[in-house]
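Trainee: need a 3D model of the sequence below.
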Amino acid sequence: MAKILAIDDNKDTLDVLKGILSKVFPDAKLFFAENGKKGLELCYTEFPDIILIDLDVPQIDSFEVCSHLKTIDFLKNIPILMIVGEKTDKNLRLKALNLGVDAFLSKPIDEVELIAQIKILLRIKVSESIKICENLNFSQMVLEQTNELEKETEAELESSFDKLEFSKVSTLNLMEDLKSEILERKVAEDRISKLNERLTLAKTAAKFGVWDIDLVENNLIWDDIMYDLYGMGNYKIPINYYTWLEAIFEDDRDKISLITKQTLEDNADYNIEFRIVLPDDSIRYMKGLGLVVRNSLNNPIRITGINYDITETKKAEEALKDSKLQLDLALNSAQMGVWYWDFSEDKRYFDNQTCSILGIDPKTFKGTKKEFFNVIHPDDRQTIVYSHTRTIENNDFYNPEYRVIWPNGSIHFINSRGRLVCDEDGNPLRLNGVLWDITEQKIAQEALRLSNQRMRLLFEQSPLGVIEWDKDFRVSDWNPSAEKIFGYKKAEALGQHFNFLNKPNNLYLVNEIALSLIKQNGGHRSTNENVTKQGTTIICEWFNTTLIDSDGKTFGVASLVHDITERRQAEIDLQVSNKQWDITFNSIQDGIMMLDGNQRIIKYNNAFANQMGRRMDLGKNPYCYNAVHGTSCAIEGCPFVKMKTSKEREILSYELEKRYYDCVVDPIFDEKGEISGAVHIMNDTTERKMAELNLIKKNNVVQSLLNASTLVLDLENFDITVRKLLNYCKDLIGVNSGFVALLNEDDISDRVILFDPYDDVYVENSEIPKLIKDLYAQVYKSGKPLYQNNFSKTEWAKFKSSKHISIKNVLFAPLIITKKTVGIIGFLNKKNDFSDDDMNIAAAYGELASLALHNTRTLDELVHQKEKAEESEMLKSVFLANMSHEIRTPLNSILGFSEFLCEPNISSEKRKKFVDIINTSGQQLLHIINDIIDISKLESKQLKLFYEEFNLYDVLNSIVNVFSSSDICHSKPNIKLVLNLPAQYSDLIINTDKIRFQQVLTNLIANAIKYTNEGLVEVGLEIKNKENKTYFEFCIKDTGIGISKEKFNIIFERFRQVEEDGYREGTGLGLSISKGIINLLGGEIWFDSELNVGTSFYFTLPYIPITNDKKIELAKEITYKGLTDKTLIIAEDDYNSFCYLKELLFDSKANIIHAEDGQILLNLLEKEKADLIFLDINMPLKTGYQCIKEIKERGYQVKVIAQTAYAMVDEKEKCLNLGCDGYISKPFTKKTIVNAINEVFGI
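Mentor: Predicted structure coming up:
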């Protein structure tokens, strides 16, 4: 059954995972955690087979969880599947892989992908588990075999030791035998001539090779054995002395030559050992013995001798040497002595190490029993006798333990071990053995016994809890203090796992400590939260040590437990108190030092460190006078020194690094009433001091500004006022030279209107350098003051022209009127550098100069505006007189001819003529009213435009045709009106307000015809491009009377006309309205004119190319649709207007009802179900606004079209917002009514 753990702080995600996992893995055991910490605890307690973890989890993040798991042996093989977002950074994924993540799953979670990933990772986990089990089995087998080998090795070592003992004795015997044998061979060599036969037999048996050298004939004779010894038995060749030497090992040839020479010359024995090299390149050791034969003159004539192979003997000797060396090394390393006891002589033979161990002088020791027993402790002599007797009787090991007394009286413990040596009949000959000093071991054993006794006493009486754990961390011992701390009796605690003392949320930490202890990697000290038997949480400090056996293996852990709950709470309280004190100490704005009695700094706060800056280094400046004053001793008047004398508070005020301080020193007394230190407080009074100085300075500035303000309010001539202001400011800043410059009308260049004193700086033909010009150009651009010092150090100063003004430093401040820089006030060549304060003063005087200039200009403007107002009043009077004339003229025609229409005898021809005159006069009157309304809308910026696309040629051609057939053209037959439009412009489409466009053209063409008596009026169009912008340029050109230059500036003004001094016709608003409309449409309008030659008016509109691929629809017949038998209510208080509207609706065949005011309308709606209401806005009792509001509130299902004579632009929006379905403004036509009805009913 698989265990699956999911870690995610999103509850919805966990629910999704739970649903999928429960369905797909019904037998699996599922665990869920909402943070990393809880997830780790579940890992320790449940050992899951797979972990699903979100990238972002709280408390312990996913990376830390992965990293932690991979460090724990029993958890590191758990596969991890990390849930990430689709756009998770690549580096984060790489980091996760490096920390041990095995796979990723992207959000939103895909069920199929999730199941596949889990199954794959579970298979991997199973295979790894199998592999781990196999490795464990293999490790167990290796461990068992290793133990067996260790046991065998131990047995072999013991056997080797015994053999080594025996080998030593045997080797000594062998050496004695070898010596005897060599002596016997010497005798045999002397008797060689007599015992030839026996020797031959002996050499054959012993494989002795015989050789003979004839020194006279120089011959060398070998027998067969010699050839065999030298590996030449199969190919016996003649041999001589030199060929024999070639068979000798190269390093031994000189030695043979030397021995041979000594034998012949000095009559020495020929006895030599050497090496030979066989044909197969193997090396053998040879022994050579020889005899020199001399003549009667004692001259050597021959040498006869034998060779025999001693290779095996050499090997044995080497082995014996190695064995003896190893034995000596072993004995010396173990500090063992070698001895043997010869029973036949009853003597004991000791080597030097044995004598040293027993405290015996080897030079005087004879080996007797008495001498030996003299050094044995009297109480232990019987032990030696008993061991000796038992060894002989039982042929057993000799192994007594006894004490010896050294000559200095010290007692040493000895351990002896020996083996009995017997003859062939089993009779004991001697006892061979070794011994070693075990005094330290005995002392250690006694100390251990005493230590154990003390430890047990400490264990039982220790105020700390003492607990012993086995290697599985179950209690194996438990002292009374542990009972007191945790509340468990020893019987209750024994065998309990350490978890019973720990809180569940601490288990993973305690597990880590336990693992570290078992692995001997640490964990010796820790502080944990623990739980008592009563369930109380306590804080304990644990001191742990790993218990290790002689093989270095851990078999348990011992722990000391100290209940520090109360101490920890006291520490916390102390920490909080200290922290609060530190916060308070460091929050104090004054610098504070704590000093000892020698002015050494003990403690200081942050404020003091900030005050001292780089000198606050106690390593370099340990004393207060080092840190504060940078001196090596106390300064004169030091408050600390005074305080030590006065034993009371001392205060010193001083300046340090351009800052001012009040230093207060209070003494600290010890318990004896002596001064042990002081509290040193530095109160930074710089701001107060500077405030005092600044206050004086500001008072001067304020007084100067007050005096200057009085000048500005006097409204004197600007030049006089600004000169006085300049002098005030120069005195305040402390500078001799200054100037004032004003910007010219081009807004580019400026002119100096005042330079004082002129001669100090500005000499004849001098030039202002570009560097200075750039600076005050910056002031013009930014509108902010600036200054610059040290011109003498600039590149400009090095290469300054002789014509340049001599400048050290400059200060400029702007003169600003309505947020625009119009001039500069400047100052030059201050003795010291200019400062921010100087700049602020200059800026203030700049503002005063600006105000003075503004006042002067305002005064001039007021005079000008007064003149304009007077002129405007005159123009308005003229305009009103003309307007009265213009309105009364058509009104007179309307009223007069209307009266004629009432006469019964008038002919139909006259009636038609009178109606045409009335209609024309009405149109003329409407045009006048429209002009007045338009100029009102333009002035209030409420004229709204309605853009539409239309064919430009069609509109232009239509307007020209209308004028051509109008009475105004017919009255001037000598005028020709033409449209000059290139053929390629016939399909041009423009997007603009068609009505306003026609209004402008109509005004301009009407004016052209009006002021032209003969000649040409031409309407033209061009498409132009300027500054990457394309636009239409329209032109209306005439050959009329023209306009005089004096009138150019009033042409587009309201109420102004060219013929102001003569006959006036029209309102004088047409060109002003046209200019306002063109500007709103995004264009420009201008004119050229020459008196008595003609005038050309131009205006532009933006050009946006539009393809004319739509057919122009033909005008449709104006008819009412769908109104038959419908009920229409006309709410209108003006009866004539009601009649006019009723007449317009006559063809609709609708049932029409009249409501004379708003209340009647609402009463009718309670009785009649109306389909449409024409609602006048301005009615008595209830206005149209009130009516539409109540209609909507009552829920009447009726369409409402508002009608009003108000002409303001917001009127329509207001009506529609209140709930009206349509809107028409008076006056209106039948077409307007039909279109409004069709739009309301969606026809």
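
Trainee: can you list the domains in the protein?
Mentor: 3-150, 191-317, 334-437, 463-570, 588-684, 703-867, 948-1102, 1127-1241 (automatic domain parsing).

Trainee: hey, where'd the strands end up in the stretch 901-1050 of the chain?
Mentor: 947-951, 975-980, 989-993, 1015-1026, 1029-1038 (DSSP state E, counting those that start in this stretch).

Trainee: got JSON lines for the ones you listed, with mean pLDDT, distance to Ser965 and mean neighbour count too?
Mentor: Heads up, the C-betas are built off the backbone N, CA and C, glycines and all. Output for the strands of the stretch 901-1050 of the chain, formatted as JSON lines (pLDDT from 0 to 100; distance: least, C-beta to C-beta, whole Å; neighbours: other C-beta atoms under 10 Å):
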{"stretch": "strand 947-951", "mean pLDDT": "89", "distance to Ser965": "21", "mean neighbour count": "14"}
{"stretch": "strand 975-980", "mean pLDDT": "91", "distance to Ser965": "10", "mean neighbour count": "16"}
{"stretch": "strand 989-993", "mean pLDDT": "90", "distance to Ser965": "24", "mean neighbour count": "18"}
{"stretch": "strand 1015-1026", "mean pLDDT": "91", "distance to Ser965": "14", "mean neighbour count": "16"}
{"stretch": "strand 1029-1038", "mean pLDDT": "92", "distance to Ser965": "18", "mean neighbour count": "18"}
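
Trainee: make a markdown table out of those and add distance to Gly233.
Mentor: Conversion of these to a markdown table gives the following (distance: least, C-beta to C-beta, whole Å):
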| stretch | distance to Gly233 |
| --- | --- |
| strand 947-951 | 133 |
| strand 975-980 | 145 |
| strand 989-993 | 132 |
| strand 1015-1026 | 127 |
| strand 1029-1038 | 126 |
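
Trainee: measure Asn974 to Glu1014 for me?
Mentor: Distance of Asn974 to Glu1014, computed by C-beta to C-beta, to the nearest Å: 4 Å.

Trainee: what's the closest of the strands of the stretch 901-1050 of the chain to Ile538?
Mentor: strand 947-951 (85.7 Å; C-beta to C-beta).

Trainee: adjacent strands (with direction) for the closest one?
Mentor: Under the criterion DSSP bridges, strand 947-951 sits next to strand 989-993 (antiparallel) in its sheet.

Trainee: tell me which residues are up against the strand it pairs with.
Mentor: Outside strand 989-993, the residues that touch it by C-beta atoms under 8 Å, 6 or more residues apart in numbering are 945-952, 997, 1032, 1077, 1081, 1101, 1103-1104, 1106-1108.

Trainee: out of the strands of the stretch 901-1050 of the chain, nearest to Leu925?
Mentor: Leu925 sits nearest to strand 989-993 of all these, at 24.0 Å, using C-beta to C-beta.

Trainee: next, the angle strand 1029-1038 makes with the closest one.
Mentor: 80 degrees (axes from the mean of the first three to the mean of the last three C-alpha atoms, to 10 degrees).

Trainee: quick one: distance of strand 989-993 to the chain centre.
Mentor: 57 Å (C-alpha atoms, centre = their mean, to the nearest Å).

Trainee: returning to what we had before: more neighbours, Asn974 and Glu1014?
Mentor: Set Asn974 next to Glu1014 and count neighbours by other C-beta atoms under 10 Å: Glu1014 wins out with 11 against 8.

Trainee: so how far is Lys976 from that one?
Mentor: For Glu1014 relative to Lys976 (C-beta to C-beta), the value is 9 Å.

Trainee: what pLDDT is listed against the closest residue to Tyr402 other than its chain neighbours?
Mentor: Using C-beta to C-beta, 6 or more residues apart in numbering and skipping residues adjacent in sequence, the residue nearest Tyr402 is Asp380, 3.7 Å away. At Asp380, the model reports a pLDDT of 93.

Trainee: can you give me the helices in the stretch 1001-1150 of the chain?
Mentor: For the stretch 1001-1150 of the chain, applying DSSP state H, counting those that start in this stretch gives helices covering 1070-1080, 1135-1144.

Trainee: list the helices and strands the longest one packs on?
Mentor: Using 3 or more C-beta pairs under 8 Å, 6 or more residues apart in numbering; DSSP states H and E as the contact criterion, the elements in contact with helix 1070-1080 are helix 908-939, helix 994-1010, strand 1085-1090, strand 1094-1102.

Trainee: could you dump these to JSON lines with mean pLDDT and mean neighbour count?
Mentor: Shown next, in JSON lines, are the helices and strands packed on helix 1070-1080 (pLDDT from 0 to 100; neighbours: other C-beta atoms under 10 Å):
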{"stretch": "helix 908-939", "mean pLDDT": "73", "mean neighbour count": "15"}
{"stretch": "helix 994-1010", "mean pLDDT": "89", "mean neighbour count": "20"}
{"stretch": "strand 1085-1090", "mean pLDDT": "92", "mean neighbour count": "16"}
{"stretch": "strand 1094-1102", "mean pLDDT": "94", "mean neighbour count": "20"}
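
Trainee: closest to Tyr349 out of these?
Mentor: In terms of C-beta to C-beta, the element of those nearest to Tyr349 is strand 1094-1102, at 134.3 Å.

Trainee: pairing partners for the closest one, with directions?
Mentor: strand 1029-1038 (antiparallel), strand 1085-1090 (antiparallel).

Trainee: just put those strands in JSON lines and tack on distance to Phe1174.
Mentor: Shown next, in JSON lines, are the strands paired with strand 1094-1102 (distance: least, C-beta to C-beta, whole Å):
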{"stretch": "strand 1029-1038", "distance to Phe1174": "40"}
{"stretch": "strand 1085-1090", "distance to Phe1174": "39"}
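
Trainee: quick one: which of these is nearest Ser737?
Mentor: strand 1085-1090 (48.0 Å).

Trainee: give me the angle between the closest one and helix 994-1010.
Mentor: Here the directions of strand 1085-1090 and helix 994-1010 differ by 10 degrees (the same axes, to 10 degrees).

Trainee: ok so, going back, highest average neighbour count across the helices of the stretch 1001-1150 of the chain?
Mentor: Among those, ranked by average contacts under mean count of other C-beta atoms under 10 Å, first place goes to helix 1070-1080 (a mean of 21).

Trainee: how far is it from where the chain is centred?
Mentor: Relative to its parent chain, helix 1070-1080 has a centroid offset of 61 Å by C-alpha atoms, centre = their mean.

Trainee: ok, stretch 941-953 next?
Mentor: 57 Å.

Trainee: what of stretch 675-683?
Mentor: Worked out by C-alpha atoms, centre = their mean, stretch 675-683 lies 44 Å from the chain centre.
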